[in-house]
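**Student:** pasted the sequence and its predicted model underneath.
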Amino acid sequence: MSDKVAYTRHDNIAVLTIKNPPVNALSQAVRQGLMDQMDHAEADTGVDAVVIVGDGRAFIAGADITEFGKPPMAPSLPDVVDRIEASPLLVIAAMHGVSLGGGLEVAMGCHYRIAVPSARIGLPEVHLGLIPGAGGTQRLPRLIGVAAALDVMTTGRQVGASEALEMGVIDTIKDGNPLENGLSFAAELLEGKASRRPVSEMPAPEGIDWDAAYEATLVRGRGQISPAQCVRAVQASVERPFAEGMLTERQIFMELLKSDQSKGMIHAFFSERAVGHLPELKGVAPRVIEHIGVIGGGTMGAGIATAALLSGLRVSLLEMTAQAGEAAHARISGNLSGALKRGKITPEQHDTILSQALRVITDYQGLADVDLVIEAVFEDMSVKKQVFTQLDAVCKQGAILATNTSYLDVDEIAAATSRPQDVIGLHFFSPAHVMKLLEIVVADKTAIDVVATGFELGKRLKKINVRAGVCDGFIGNRILATYRSASDQMILEGASPYAIDAALEAFGFAMGPYAVADLAGLDIGWAVRKRKRAELGVEGARTYADKLCEAGHFGQKTGKGYYDYAAGLKARVPNPDVLELIAQERSETGITPIEFTAAQIVRRYMAAMVNEAAKVVGEGVARRPLDVDMTLLFGYGFPRYHGGPLKWADIVGLPDLLADIEECAKQDPAFWEPAPLLKELVAAGKTFDDLNKAG
Ligand code: 3HC
Ligand code: NAI
């Protein structure tokens, strides 16, 4: 018999304890254990009720996701839930921690549900590209009505115990030990002669306008199909008998399980967790960090300081002048007010942070006792070197010196100090207190415990931490520079920026690259281009993008860029001057424009992204393909349901993609030189995911 579900007897009540750490996922052994122990309880003379409880930190976190995509193993979860519900005994779920997905479905198969106040429930299957597949779409609407059930299912959000009680998902809340609660609740129910209460036998709820709900959910999902499919499954719960509704649910679930979207999202789920696991950091003790310094309180410095303060660290922020210091203080204060408004901190925490944890200074001596300092001054090597020389002079021994540079050489910055082993890149994304990605850039001489501390700090700041090697732009910005160039080239060849944005938005990006450029400010790229041209001595070579900036159009902040924002930021319309400038440049360079379909645009954009990503992995700048995938997902708005560029590449097929790249290389061999790693994988008939699995 499976040892994953323990059986104990407490007078006339049997207790089934699920023991499958860390979160009691419903593996085959757990499913079999539940079946067997239900049989045991029913055969055990004198047992009147069964309490199901989870050992450890959760009731049940859902189906075992590692089994998805493998041949199904009996008993199936829907059968287990039906078997529990059909028991002649009174069955009670005693919930604590999370009851998610299949976990909530098991609980809804029980006749009564009790939870501790900190318990959370949810049906997060949409985050895996799925719908609930063990009766969730049929039982939840019967318990709480269609609107509330659709809200829970289509958002996949976690619902706290008190809201779950109000909705009617659980019957009662009680503080204390979940098992004791379950036993006393069962005893009360038995004493009150409560009868079994199978949810499947409850009347179906009122219906809604299903087509309207389906369409609205599809639009909200921005191309993701599973939330809209929840609507169809719930529709079946209202319009068909329970057993038929279950068949509809199963059919949709099985179809989605085979879909590329669920493959992408399941890859994202595991990669998000795997990305921070580095074998070389096992057993390496991080340095203790309590007080950090931040140099520069502009966009990034203020955001980094905010993130650190919100995680409970003390921050000393250094600016060049008292006036710049005041501006930095105001920025941080504004960020903290936002956190207060969103309920992330209490008014007391807000006041304590501002009065005690934050200090704005202008004198480097104030950084003598910081444990780690993050530099976020102008992106200029000579300024960075000056800053690091000063830090080297004042910071205590063992302090970590980090740079937030976007592109510059961290080895060169480290060489400006007498302690390159303590120097590391911590590359945050804007706004730094919101964006989840942190690239941890390991330079040649960075000590291993400094790397471990970078990861520990990132965890504390609740970031997705990706290890990167030193190169121009590290993982993300280096790949970005390449696919943006490919995109700009497509414009010259004939695609409009609006067609490119539309194609990529349909692919799943929240904003296309030119809408993003307008948001970030066109002046940033303009300054870089001017600097590079000056370095190369080719100041005369101006592009349509330069001319747009020369006319004072920097995007959203000036009201015009690629788009015209006169009617509001959301009501963007193409700026006709842009098409004229592009047409002018095409004719000056003798280009006859060609048509691009949306599919061709996506294909070219993605080919450039994947090729550069393969170079980044091949050169060891990114450790594994999944590190690139997580960088693009959490830093660059890559649609989660594609899993990341390299998972997307695996799904569409590497040989075809390589053929596309080789075709482009006929026009521009230097830019489109196929990545050696991609060629190797194609020759060996392997995928990027094979490299992830190899570690
Ligand atoms: N299956 C398999 N492994 C799981 C799992 C699951 N359902 N849930 C979590 N794990 C694993 C994680 O991969 C991780 O493994 P690792 O240590 O090797 O990286 C470990 O358990 C701990 O997980 P976290 O690091 O995420 O721990 P947290 O405490 O931060 O979060 C959690 C716990 C909230 C349960 C979070 O893990 C989670 O959201 N899990 C997924 C829940 C989910 O999606 N459930 C629905 C599954 S689909 C389903 O039930 C289909 C059904 O309708 C038929
Ligand atoms: P910013 O121009 O908004 O802020 C820079 C701040 O540094 C200014 O407040 C300035 O007064 C201060 N400063 C300059 N020299 C200083 C010195 N010697 N000592 C103390 N303070 C000094 O710039 P931003 O955008 O915050 O960028 C900072 C760094 O972060 C750059 O290296 C940039 O490449 C990088 N970065 C920027 C991102 C972005 O989206 N803006 C994203 C990720 C990294």
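**Tutor:** In hand now; what should we look at? Ligands and ions are numbered 1, 2, ... in the order given.
**Student:** looking at the stretch 101-250 of the chain, which residue is nearest ligand 1?
**Tutor:** Of all residues in the stretch 101-250 of the chain, the one sitting closest to ligand 1 is Gly101 (2.5 Å; CB to the nearest ligand atom). C-betas here are computed from N, CA, C, even on glycine.
**Student:** what backbone torsions are found at that residue?
**Tutor:** Gly101 adopts backbone torsions of phi 50, psi -120, taken as degrees, to the nearest 10.
**Student:** again with Glu505
**Tutor:** Note on Glu505: its backbone torsions stand at phi -70, psi -40 [degrees, to the nearest 10].
**Student:** residue numbers of the stretch 251-400 of the chain in contact with ligand 2?
**Tutor:** With CB under 6 Å from any ligand atom as the criterion, the stretch 251-400 of the chain meets ligand 2 at residues 295-301, 318-320, 324, 376-379, 383, 387.
**Student:** grab the nearest non-local neighbour of the residue of the chain found nearest ligand 2.
**Tutor:** Relative to ligand 2, the nearest point of the chain is Gly298 (1.8 Å; CB to the nearest ligand atom). Distances taken as CB to CB, 6 or more residues apart in numbering put Ala376 closest to Gly298, at 6.8 Å, once the chain neighbours are dropped.
**Student:** neighbours of the residue of the stretch 101-250 of the chain closest to ligand 1, just the number please.
**Tutor:** 29 (other CB atoms under 10 Å).
**Student:** related to what we said a few turns ago, contacts only, for the residue nearest to Gly298.
**Tutor:** Val294, Ile295, Gly296, Gly298, Met300, Gly301, Ile304, Asn404 (CB atoms under 8 Å, 6 or more residues apart in numbering).
**Student:** what is the nearest of those to ligand 1?
**Tutor:** Looking across the contacts of Ala376 and measuring by CB to the nearest ligand atom, the closest to ligand 1 is Ile304, at 23.7 Å.
**Student:** the lowest-mean-pLDDT helix or strand in the chain: how far from the chain's middle?
**Tutor:** Lowest mean confidence among the helices and strands of the chain (mean pLDDT, DSSP states H and E): helix 522-536, at a mean of 87. In terms of CA atoms, centre = their mean, to the nearest Å, the centre of helix 522-536 is set 33 Å apart from its chain centre.
**Student:** give me the contacts around it.
**Tutor:** The contact list for helix 522-536 (CB under 8 Å, 6+ apart) reads 517, 539, 541, 543, 545-546, 548-549, 553-555, 561-562.
**Student:** in strands only, show me those.
**Tutor:** Assignment to strands by DSSP state E places none of the contacts of helix 522-536 there.
**Student:** which of these are buried?
**Tutor:** The neighbour count (16 or more other CB atoms under 10 Å) marks Ala517, Thr543, Ala545, Asp546, Leu548, Cys549, His553, Phe554, Gly555, Gly561, Tyr562 as buried among the contacts of helix 522-536.
**Student:** let's see if you can find the most crowded of the contacts of Ala376.
**Tutor:** Using other CB under 10 Å as the neighbour test, these are led by Val294, with 31 neighbours.
**Student:** that residue falls within a helix, correct?
**Tutor:** No. Applying DSSP: H, G, I helix; E, B strand; the rest coil, one finds Val294 to be strand, outside a helix.
**Student:** check contacts around it.
**Tutor:** Each residue near Val294 by CB under 8 Å, 6+ apart is listed here: Gly301, Ile304, Ala305, Ala308, Val315, Ser316, Leu317, Leu318, Val373, Ile374, Ala376.
**Student:** change it to 6 Å
**Tutor:** Gly301, Ile304, Ala305, Leu317, Ile374 (CB atoms under 6 Å, 6 or more residues apart in numbering).
**Student:** for the stretch 551-695 of the chain, what lies in contact range of ligand 2?
**Tutor:** Within the stretch 551-695 of the chain, no position is adjacent to ligand 2 by CB under 6 Å from any ligand atom.
**Student:** whatever residue of the stretch 551-695 of the chain ends up closest to ligand 1 is in what secondary structure piece?
**Tutor:** Ligand 1 sits closest to Leu626 of the stretch 551-695 of the chain, with a gap of 12.4 Å, by CB to the nearest ligand atom. Using DSSP states H and E, Leu626 sits within helix 625-635.
**Student:** which is the next helix or strand following that helix?
**Tutor:** Next helix or strand after helix 625-635 toward the C-terminus (DSSP H and E): helix 645-652.
**Student:** and for the helix or strand where Ala243 lies, what's in contact with it?
**Tutor:** Using DSSP H and E, Ala243 sits in helix 242-257. Applying CB under 6 Å, 6+ apart, the contact partners of helix 242-257 are Leu130, Ile131, Gly133, Thr137, Gln138, Ser200, Ser226, Gln229, Ala233, Ala236, Ser237, Ser262.
**Student:** pLDDT of it, averaged?
**Tutor:** What helix 242-257 shows for mean pLDDT is 98.
**Student:** what is the next helix or strand after that helix packed up against?
**Tutor:** Using DSSP H and E, the helix or strand that follows helix 242-257 towards the C-terminus is helix 260-274. The contact analysis (3 or more CB pairs under 6 Å, 6 or more residues apart in numbering; DSSP states H and E) places helix 260-274 against helix 625-635, helix 645-652.
**Student:** these: which one's closest to Leu426?
**Tutor:** When the helices and strands packed on helix 260-274 are compared by CB to CB, helix 625-635 sits nearest Leu426, at 13.4 Å.
**Student:** who are the packing partners of that closest one?
**Tutor:** Under the contact criterion of 3+ CB pairs under 6 Å, 6+ apart, helix 625-635 touches helix 260-274, strand 464-469, helix 645-652, helix 688-693.
**Student:** all helices for the stretch 301-450 of the chain, in order.
**Tutor:** All helices of the stretch 301-450 of the chain, identified by DSSP state H, counting those that start in this stretch, fall at 322-341, 347-352, 381-394, 410-415, 448-460.
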